[in-house]
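Enquirer: Need a 3D model of the sequence below.
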Amino acid sequence: MSENSLHTSADSNSAELVSVIIPCYNSQNFIHRAINSVFAQTHKHWELILVDNNSADNTLEMLNTYAQKYPGLIKVYQETKKGAPAARNKGLVHAQGEVIQYLDADDELLPGKIEGQLNLMQQQGAQLIAGEAIFVARNGETEVRTPRKLYINDAWVALIKSQIGITSANLFGKAALLSINGWDESLKSSQEYDLMFRMMQNPGVKVAFDQRPLTLIHKLESGISASDDKSRFAQIIDSRVQLRLRIKDFLKQANLQSPERADAVQTYIYDELMRNRFIIPAYVSQKMKSLGMRIPLKVQVKDSLNKIKRTIKG
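Expert: Here you go, the predicted model:
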């Protein structure tokens, strides 16, 4: 397939250049899947920016091979600062398109993803498209697919509830990204929701929803486990809680608060803490106390009975 053929398209938005940015860290075993999914897009006017982020395997060599095969279409950069946000910002600096598709190296776009979301962006004058996705995991020989749904009634409630899409499933206007200086490279978690929160604080940024599940999120075993590092896990949970508190404060200050939005913040934080109360009990206890939250008596009784049962069985 030649570069010229890649840029021949009959779709209505074919003139719009989309910059696809893939941060790559030790991705040699799966980067081909992500790249192939870009080539398979029905929207053909794109550039692919591959950013190696200190890979210790053969990832960089593979990326350079792609760039040599498709000069001008695929570009490779290196970012030595650790973390996907830094790699994504590196790609953003070099992006020529006015629309950005971020794609994690282990994820996959289905063919009509970019074309449909680009049409939606143009039709609705949106700067952020939130898309649905499918999580793909393996349980032995069985592949398990779980949908990641959107909350479409209110963009702020969707943000609070973590139902406004995720990095690879969304599409971003470059101008809106540049106006907030891109990704916060200091954050270790909740980076994408922090990014969208800062975008949405600009009243000129409109959010549109794409309910087609055209992004596959392949779940790998490299993520942090709560049992491995409880301190790190508590930091992750705290970053989620603190982000919702920041959203709550902003909505109040901007006179955008509503009963539904206030309730969404309270419910999210409560559910997040309750879900992890056995894994990081000290953090949960301290946070609930500082926020004036209480565990219902019936839940306390149930927890005590379960603890007694586990002790007897042990």
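Enquirer: Can you list the neighbours in contact with the longest helix belonging to the chain?
Expert: What stands out as the longest helix in the chain, according to DSSP state H, is helix 230-253. Contact with helix 230-253 is made by 156, 159-160, 187-190, 193-194, 197, 201, 224-226, 256-258, 261-262, 265, 268-269, 272-273, 276, 279-280, 283, 287, as judged by CB atoms under 8 Å, 6 or more residues apart in numbering. Bear in mind the C-beta positions are built from the backbone N, C-alpha and C, glycine included.
Enquirer: Using CSV, write out the CA atom coordinates for it.
Expert: The C-alpha coordinates for helix 230-253 follow below in CSV (Å, rounded to 0.1, in the frame of the first residue of the first chain):
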residue,chain,number,x,y,z
LYS,A,230,-1.3,-0.4,49.1
SER,A,231,0.3,3.0,49.5
ARG,A,232,0.4,3.5,45.8
PHE,A,233,-3.1,2.2,45.5
ALA,A,234,-4.3,4.7,48.1
GLN,A,235,-2.7,7.5,46.1
ILE,A,236,-4.6,6.4,43.0
ILE,A,237,-7.9,6.4,44.9
ASP,A,238,-7.1,9.8,46.4
SER,A,239,-6.4,11.3,43.0
ARG,A,240,-9.8,10.2,41.9
VAL,A,241,-11.4,11.7,45.0
GLN,A,242,-9.5,15.0,44.8
LEU,A,243,-10.4,15.4,41.2
ARG,A,244,-14.2,15.2,42.0
LEU,A,245,-13.7,17.7,44.8
ARG,A,246,-12.0,20.1,42.4
ILE,A,247,-14.9,19.6,40.0
LYS,A,248,-17.3,20.3,42.8
ASP,A,249,-15.5,23.6,43.7
PHE,A,250,-15.4,24.7,40.1
LEU,A,251,-19.0,24.1,39.5
LYS,A,252,-19.9,26.1,42.6
GLN,A,253,-17.6,29.0,41.7
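Enquirer: So which bits of that helix are buried?
Expert: For helix 230-253, the neighbour count (16 or more other CB atoms under 10 Å) marks 230, 233-234, 236-241, 243-244, 247-248, 250-251 as buried.
Enquirer: Relative to Val18, which of the residues you listed is nearest.
Expert: The shortest distance between Val18 and any of the buried residues of helix 230-253, using CB to CB, involves Leu243 and amounts to 28.2 Å.
Enquirer: mean confidence for stretch 254-263?
Expert: Here the mean pLDDT over stretch 254-263 is 96, rounded to a whole number.
Enquirer: what sits up against that stretch?
Expert: Among residues not part of stretch 254-263, those counted as contacts by CB under 8 Å, 6+ apart are 154, 156-157, 160, 201, 248, 250-251.
Enquirer: hmm, 7 Å instead?
Expert: Contacts to stretch 254-263, defined as CB atoms under 7 Å, 6 or more residues apart in numbering, come from residues 154, 156-157, 160, 251.
Enquirer: One more: stretch 287-299?
Expert: 241, 269-270, 273.
Enquirer: Show me where the stretch 51-200 of the chain has its strands.
Expert: 74-78, 99-102, 107-109, 128-139, 142-148, 171-173 (DSSP state E, counting those that start in this stretch).
Enquirer: Turn those strands into JSON lines, columns for distance to Leu17, mean neighbour count and mean pLDDT.
Expert: Rendered in JSON lines, the data for the strands of the stretch 51-200 of the chain read as follows (distance: least, CB to CB, whole Å; neighbours: other CB atoms under 10 Å; pLDDT from 0 to 100):
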{"stretch": "strand 74-78", "distance to Leu17": "13", "mean neighbour count": "19", "mean pLDDT": "98"}
{"stretch": "strand 99-102", "distance to Leu17": "7", "mean neighbour count": "26", "mean pLDDT": "98"}
{"stretch": "strand 107-109", "distance to Leu17": "16", "mean neighbour count": "23", "mean pLDDT": "98"}
{"stretch": "strand 128-139", "distance to Leu17": "16", "mean neighbour count": "19", "mean pLDDT": "95"}
{"stretch": "strand 142-148", "distance to Leu17": "28", "mean neighbour count": "11", "mean pLDDT": "93"}
{"stretch": "strand 171-173", "distance to Leu17": "13", "mean neighbour count": "23", "mean pLDDT": "98"}
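Enquirer: With distance to Asn58 added, can I get the ones you listed in a markdown table?
Expert: Formatted as a markdown table, the entries for the strands of the stretch 51-200 of the chain read as follows, by distance: least, CB to CB, whole Å:
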| stretch | distance to Asn58 |
| --- | --- |
| strand 74-78 | 13 |
| strand 99-102 | 23 |
| strand 107-109 | 20 |
| strand 128-139 | 24 |
| strand 142-148 | 27 |
| strand 171-173 | 30 |
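Enquirer: Surely Ala208 is within a helix?
Expert: No: with DSSP: H, G, I helix; E, B strand; the rest coil as the criterion, Ala208 is located in strand rather than a helix.
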